[in-house]
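Participant: A predicted structure for the sequence below; I have some questions about it.
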Amino acid sequence: MSQVVDFHTVSTAGLESSPVADALAGLRANEARYLKNKYDHVFTVDAASDAADTVGWVHRILAERDIVIAARPLEATSFVADGTRFAYVFYESGLSINVMYGIEDGKKRAVGFKLSDGMPVPEELASKFKFATQKSKLAGTIRGTFFVIKGEY
């Protein structure tokens, strides 16, 4: 069952098994606020087991860079807003992956990685990316990086 992510009252519902559940919940709420402000989209998530197609699509895109995420996915979602297909997967380790995939040829297509406050950089990403830092009232310190998608998905 889909759960609306409330960015006014941050909840760890669905993320309780993560060792950084509070920080991951803040990161998820930060994404919900961004999507509401930029696209007027109400951000909802499903258990990863109920969103296997979305998780699989994200993992196929990651394979373009030979990236296999070791952590267990907890929640995922996908939707279309303003001509872009978005997908989010939140992992037990505290990692959040988002895909922005412009539906029309020539539109922006990228994968973003965000690390929750207190989460170490995963081994599978450490040698491939440098992470920048940003501050968030909801998520504390967020470290993030991205890559441009080259293939068709």
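Facilitator: That came in fine, so what should we check first?
Participant: and stretch 99-106, average pLDDT?
Facilitator: Per-region confidence: stretch 99-106 scores 93 on mean pLDDT.
Participant: contact partners of that stretch?
Facilitator: 57-58, 61, 80, 83-88, 108-112, 149, 153 (CB atoms under 8 Å, 6 or more residues apart in numbering). For every residue, glycine as well, the C-beta is placed using N, CA and C.
Participant: pairing partners for the strand or helix carrying residue 80, with directions?
Facilitator: Residue 80 belongs to strand 73-81 when assigned by DSSP states H and E. For strand 73-81, the paired strands and their directions (DSSP bridges) are strand 44-47 (antiparallel), strand 84-91 (antiparallel).
Participant: any chance of those strands in CSV, plus mean pLDDT and mean neighbour count?
Facilitator: Below are the strands paired with strand 73-81 laid out as CSV (pLDDT from 0 to 100; neighbours: other CB atoms under 10 Å):
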stretch, mean pLDDT, mean neighbour count
strand 44-47, 98, 18
strand 84-91, 98, 22
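Participant: Serialize those strands to CSV and add fields for distance to residue 142.
Facilitator: Below are the strands paired with strand 73-81 laid out as CSV (distance: least, CB to CB, whole Å):
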stretch, distance to residue 142
strand 44-47, 18
strand 84-91, 13
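Participant: distance between the strand holding residue 80 and the chain's centre?
Facilitator: Here strand 73-81 is found 8 Å from its chain centre; the criterion is CA atoms, centre = their mean, to the nearest Å.
Participant: so which of the strands paired with strand 73-81 is nearest residue 66?
Facilitator: strand 84-91 (17.7 Å; CB to CB).
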